Structures are given as structure tokens and as C-alpha cells.
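Participant: Below are the sequence and a predicted model for it; my questions follow.
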Amino acid sequence: MSDRYGVIGNPIAHSKSPMIHAEFARQTGQDIIYTAILAPLDRFAEAVTEFRAGGGRGLNVTVPFKQEAFKLATRLTERAALAQAVNTLKFEGGTILGDNTDGAGLVRDIRDNLHFSIEGKRVLLMGAGGAARGVLMPLLAQRPTSLTIANRTLEKAVALQEAFSAYGNVVASSYPDLQGRQFELVINATASSLHDEMPPLPEGVFAPGALAYDMMYGKDLPPFLCFAEQQGAAYLADGLGMLVEQAAESFCLWRGVRPSTPETIFLLRG
Ligand code: ATR
């Protein structure tokens with residue numbers, strides 16, 4: 001019988017994860033079934049228990065359940081503990097292992113697919129919510145010169161600076177205070193693209209050769225990437241590569257084999 005995996009969220013109908021994991025399974029010859037599971041907003045833990053009872057081996061967790069998954073896990077990887085959010089669950093006997101592959105997915109996309117080295121670069125991370133927190137440690141592990149966190153609500157950026165300063169040179173900033181500063185890598189980890197908006201970024205922040213990265217993806221270029229293009233950012237990228245890379249990290253955790261991601265990204269770009 002095939003091993004069962006899935007992605008759990010609310011809403012979930014438009015998730016690309018079943019297609020991505022079906023492609024990974026085909027490529028690697030792994031015998032798995034991967035489905036999308038809609039959990040009622042107030043019944044996440046019950047939905048996970050039901051999936052496990054039915055023989056489920058692991059789950060990807062998406063909006064809005066990543067914090068609940070963090071609480072449900074009985075063992076955490078270091079990166080999940082720091083992120084305080086879990087996007088991957090692995091069921092091993094009585095243990096529920098919680099991992100967070102989002103940051104590793106982002107770093108792999110930037111480094112391996114876009115061939116952009118983070119080491120020695122000035123990085124600007126916009127946003128101080130769960131999405132930003134989830135990618136901080138893997139970004140810092142790449143040893144940027146500095147990592148500036150900008151947020152409308154400054155206190156949240158300051159809290160992240162305090163929580164992560166042991167891992168690198170982390171600085172909190174308001175958006176107006178970015179005026180006159182430049183960065184080689186600017187990442188949008190805010191929820192602004194969801195509302196077709198962009199963060200209040202001053203002009204002139206893109207250093208020569210800069211990469212502008214939006215963690216969201218969609219049919220159209222998000223407002224932040226339109227702005228970056230107008231501002232002369234050298235490279236633009238949306239979050240589709242990150243989506244595929246975080247999926248590959250999860251697949252690897254579950255199955256012990258790494259699928260080929262460039263092919264899958266190409267397939268999804270259609
Ligand atoms: P997520 O888990 O997606 O990070 P979240 O924890 O609700 O969601 O955090 C949303 C983030 O997007 C916050 O950093 C928020 O900024 P504030 O803390 O100042 O509210 C940011 N955000 C949302 N809409 C934004 C916009 N239009 N411009 C700038 N930042 C925005």
C-alpha cells in the first residue's frame with residue numbers, strides 16, 4: 001500500500017503542493033499518495049489525529065495552522081523551535097516531529113536556482129510576522145554582512161532583533177529610516193502582496209546588482225516587484241521557487257531522497 005502524506009490548511013483548494021509532491025514521487029520512484037486536506041478552523045488537532053489514525057506518515061501545514069502545528073509537535077528541529085512555527089510534520093511511532101523548511105527553501109532558491117550568494121551581502125527583510133520569523137535563521141546561517149528587519153510596527157522588528165541577534169548582525173528599522181541606505185538583497189516577507197499593496201519602502205534602497213525577492217507568487221508581478229523593477233533592481237524573483245524548494249526539503253525529511261527542483265519549477269511556471 002502507498003504511504004500517505006498531505007497538506008493541511010484552510011483554505012486549501014488552490015494548493016500546488018499535491019502537484020509538486022506527485023511530480024517528486026514520479027521523479028524519484030517513491031510510492032506515495034499526497035492529498036490536500038481541509039481542516040475546520042477550530043479542529044486542526046483533530047484533523048491531524050484522524051489523518052495519523054488512517055496511517056498517514058507526514059503532513060505539510062499551511063495557513064493558518066503553522067503555530068498550532070508547532071504546539072502539537074512532540075519534538076522540534078532547531079529551525080522550527082526558532083521559527084516558532086511548523087510547516088512539516090513527520091509521524092514516527094508515538095512521536096510527532098515538527099520541522100520548518102520554509103527558510104531552507106528560500107535560501108536554496110536564492111542560492112542554487114538564482115545563483116545569488118547571500119554571504120557578505122546587506123540584506124533587507126521586510127515584515128516581522130510568522131513568515132519573516134520562519135526564514136531568519138536560515139538567512140543568517142548564510143552569513144550576510146547585516147540583516148535589517150523593517151516593519152510598520154517597529155516593536156515587532158525589535159523583538160525579532162532581540163530573539164535572533166545571537167545568530168548574526170540583525171538590526172531593526174522603521175521604513176522611513178531606510179532612506180539613504182542600500183541593500184544587495186531585499187526580501188518581501190510581509191502580507192502586503194495579498195492585498196495588492198506593497199510595503200512603504202523609500203526610493204533608492206536597491207544597491208547595484210540587487211536581487212528583489214517576493215515570497216508570494218501569483219500570475220501577475222506583485223506590486224513590490226513592479227516597484228523594484230522601476231527602481232532598477234538587477235534581478236526580480238517571486239516565491240514559486242521557494243514553494244518548490246520547501247516542498248523538496250519536506251519530501252527529503254520524509255523519504256530520504258532529494259527530488260530535482262528545477263524541472264518541477266519549470267513545470268509549474270507552465
Ligand atoms: P505572516 O504569518 O504572513 O507573516 P502575520 O504574522 O500576520 O502574517 O504578519 C504580517 C506581516 O505583514 C507583518 O509584518 C505586517 O506588518 P505590521 O506588523 O506592521 O502589521 C506586514 N504587513 C501586512 N500588510 C502590509 C502592508 N501593506 N505594508 C507593509 N507591511 C504589511
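Facilitator: Yep, that arrived. Numbering: from 1, shown residues only.

Participant: Just give me the neighbour total for the residue of the stretch 101-250 of the chain found nearest the ligand.
Facilitator: Across the stretch 101-250 of the chain, the shortest distance to the ligand (Cβ to the nearest ligand atom) belongs to Gly129, at 2.0 Å. For the C-beta atoms, the positions are set from N, CA and C on the backbone; glycine is no exception. A count of neighbours around Gly129, defined by other Cβ atoms under 10 Å, yields 15.

Participant: Alongside the ligand, which residues does the protein contribute?
Facilitator: By the rule Cβ under 6 Å from any ligand atom, the part of the chain lying against the ligand is 127-132, 151-153, 156, 190-192, 195, 197, 199.

Participant: ok, so of the residues you listed, who is nearest Gly58?
Facilitator: Gly58 has its nearest neighbour among the residues of the chain next to the ligand in Gly130, at 20.8 Å by Cβ to Cβ.

Participant: Go ahead and report the secondary structure state at the residue nearest to that closest one when sequence neighbours are not counted.
Facilitator: With Cβ to Cβ, 6 or more residues apart in numbering as the measure, Ala85 is the residue that lies nearest to Gly130, at 5.2 Å, once sequence neighbours are left out. Put simply, Ala85 is coil when judged by DSSP: H, G, I helix; E, B strand; the rest coil.

Participant: And the helices in this structure, which stretches?
Facilitator: Secondary structure of the chain (DSSP state H): helices located at 17-28, 44-53, 66-72, 78-83, 102-108, 130-141, 154-164, 223-230, 240-255, 261-269.

Participant: Using JSON lines, lay out those together with distance to Met216, mean neighbour count and mean pLDDT.
Facilitator: Output for the helices of the chain, formatted as JSON lines (distance: least, Cβ to Cβ, whole Å; neighbours: other Cβ atoms under 10 Å; pLDDT from 0 to 100):
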{"stretch": "helix 17-28", "distance to Met216": "16", "mean neighbour count": "19", "mean pLDDT": "98"}
{"stretch": "helix 44-53", "distance to Met216": "23", "mean neighbour count": "16", "mean pLDDT": "97"}
{"stretch": "helix 66-72", "distance to Met216": "16", "mean neighbour count": "18", "mean pLDDT": "97"}
{"stretch": "helix 78-83", "distance to Met216": "18", "mean neighbour count": "20", "mean pLDDT": "96"}
{"stretch": "helix 102-108", "distance to Met216": "12", "mean neighbour count": "25", "mean pLDDT": "98"}
{"stretch": "helix 130-141", "distance to Met216": "9", "mean neighbour count": "23", "mean pLDDT": "96"}
{"stretch": "helix 154-164", "distance to Met216": "19", "mean neighbour count": "17", "mean pLDDT": "98"}
{"stretch": "helix 223-230", "distance to Met216": "9", "mean neighbour count": "18", "mean pLDDT": "97"}
{"stretch": "helix 240-255", "distance to Met216": "9", "mean neighbour count": "24", "mean pLDDT": "98"}
{"stretch": "helix 261-269", "distance to Met216": "15", "mean neighbour count": "15", "mean pLDDT": "95"}
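
Participant: Right, I'll call it a day here.
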